[in-house]
Structures are given as C-alpha cells and as structure tokens.
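Q: missing the sequence, but the structure's below:
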C-alpha cells in the first residue's frame, strides 16, 4: 500500500476491465443456457424411462381397468416419495435457518446500541411506573431523618465516657438498666 493509505493503482485500464466483465457475463449466460438444456434433456430421459407410452388401442374393458389400477398404484407411490422428499427439504431448510442464526450469534453481527444517559426526576419516574395512580409530587428528601450537629457531639461524648464495654453491659443489665435506656431514649426525642 502507499504510505498515504490509498489503494494502489490498477495496472489494467478501465476499458480492458469493462471488456473482461462483458466476456465473463457472456460466458456465464452461455453456461446457464447449457445447464438449462441439459436439465430439459435429463427430464425427458427420466420421463421416457419411468413412463413408457401407453398402448390403449385394442384393449378390452377389463384390461383398461387393470391398467388404470396399475397407474393409480404408481401415482400413489410417486406421491408418497414426493411427500417424503418435501418433508426432508423442509426439515433441512429449518436446520439451515437455525444454523445460520447460531452463526450470526457466534459472529457477533448484532451490536448493542449505545445507551444514552437520561435524567429523570423522581416525579417522572413514579409517573412512568404508576401511570395515572401517581398523584402529587413526592419529595423524597422530606422523608430523610435530619441530624443535628449537637446530637452528634453528645454521642461522641457518651462513647468517650464509656471506657470498658463490660461495665456498660453490667450497668444496663436488670430492670434498672432498661429503665435508664428508656429514660435516655425518651429524652433524646
């Protein structure tokens, strides 16, 4: 390749390429016509082999009935073969389709689309989830517990006063300890 990354120049001129394409197309058309004629000839040979010409002149009524029964039996056999072949073809087509899907899955032709970030408020999300049942706006921050800085400082003081946890457990055991818990818990709120 060129350092620029361009395709290298072709050594065949455009008119020469066109003439070669025309020759290839002509040859392909001739081959298709030849194949069609060969198929027609093969079909004619097969029919001559399987269906000999009928001799109906000079046959009695019984002979004609026997001939009709034989032809019906042959038709039934051919129909069964045709049905079996059609069933096999449809089964193979299904298998081919399933294998193509597997190949596409393994090949990774299906790319996941890039997802966009969407900003949705709580109200819009609830409206989308609940539909018409959603009434009013929901302020999610209103439900949060407010913490005062003084309470945090008191908790630190209490934890610093309690040195040994065993003493705390012994002090809180029994009815007096439970009473203290309720008294301190009720006063904080």
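A: Structure received. Values in this document were obtained by computation on a predicted structure and should not be read as measured data.
Q: Would you map the strands across this protein?
A: For the chain, applying DSSP state E gives no strands.
Q: Output the below-cut-off pLDDT ranges for it.
A: Judged by pLDDT under 70, the chain has its weakly predicted residues at 1-8, 108-112, 132-143, 145-189.
Q: if you set the cut-off to 50 instead, what comes out?
A: For the chain, the stretches with pLDDT under 50 are 1, 162, 186-189.
Q: what's the single longest helix in it?
A: helix 61-107 (DSSP state H).
Q: What is that one packed up against?
A: Counting contacts by 3 or more CB pairs under 8 Å, 6 or more residues apart in numbering; DSSP states H and E, helix 61-107 packs against no other helix or strand. The C-beta positions use only the backbone N, C-alpha and C, and glycine is treated the same way.
Q: From here on, call the first residue 17.
A: Shifting the count to begin at 17 puts that one at helix 77-123.
Q: This structure: helices as residue ranges?
A: Ranges of helices in the chain, per DSSP H, are 30-66, 77-123, 138-146, 165-177, 181-188, 190-204.
Q: so which of these gets nearest residue 131?
A: Residue 131 lies closest to helix 138-146 among the helices of the chain, at 16.7 Å (CB to CB).
Q: Would you mark the buried spots in the closest one?
A: For helix 138-146, a neighbour-count test (16 or more other CB atoms under 10 Å) marks 142, 143 as buried.
Q: Can you give me the neighbour number for residue 93?
A: Residue 93 has 10 neighbouring residues, counting by other CB atoms under 10 Å.
Q: Against residue 66, how distant is it?
A: Separation of residue 93 from residue 66 (CB to CB, to the nearest Å): 11 Å.
Q: Please apply the same query to residue 123.
A: Residue 123 sits at a distance of 45 Å from residue 66 (criterion: CB to CB).
Q: And for residue 37?
A: Distance, residue 37 to residue 66, using CB to CB: 43 Å.
Q: likewise residue 147?
A: Using CB to CB, residue 147 is found at 70 Å from residue 66.
Q: can you check residue 53 too?
A: 21 Å.
Q: Also residue 28?
A: Relative to residue 66, residue 28 is positioned 52 Å away (CB to CB).
Q: Same check on residue 94?
A: As judged by CB to CB, residue 94 and residue 66 stand 9 Å apart.
Q: Residue 91 now?
A: Residue 91 is 12 Å from residue 66, where distance means CB to CB.
Q: CSV please, covering the helices of the chain and showing distance to residue 131.
A: Converted to CSV, the helices of the chain look like this (distance: least, CB to CB, whole Å):
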stretch, distance to residue 131
helix 30-66, 46
helix 77-123, 21
helix 138-146, 17
helix 165-177, 41
helix 181-188, 51
helix 190-204, 47
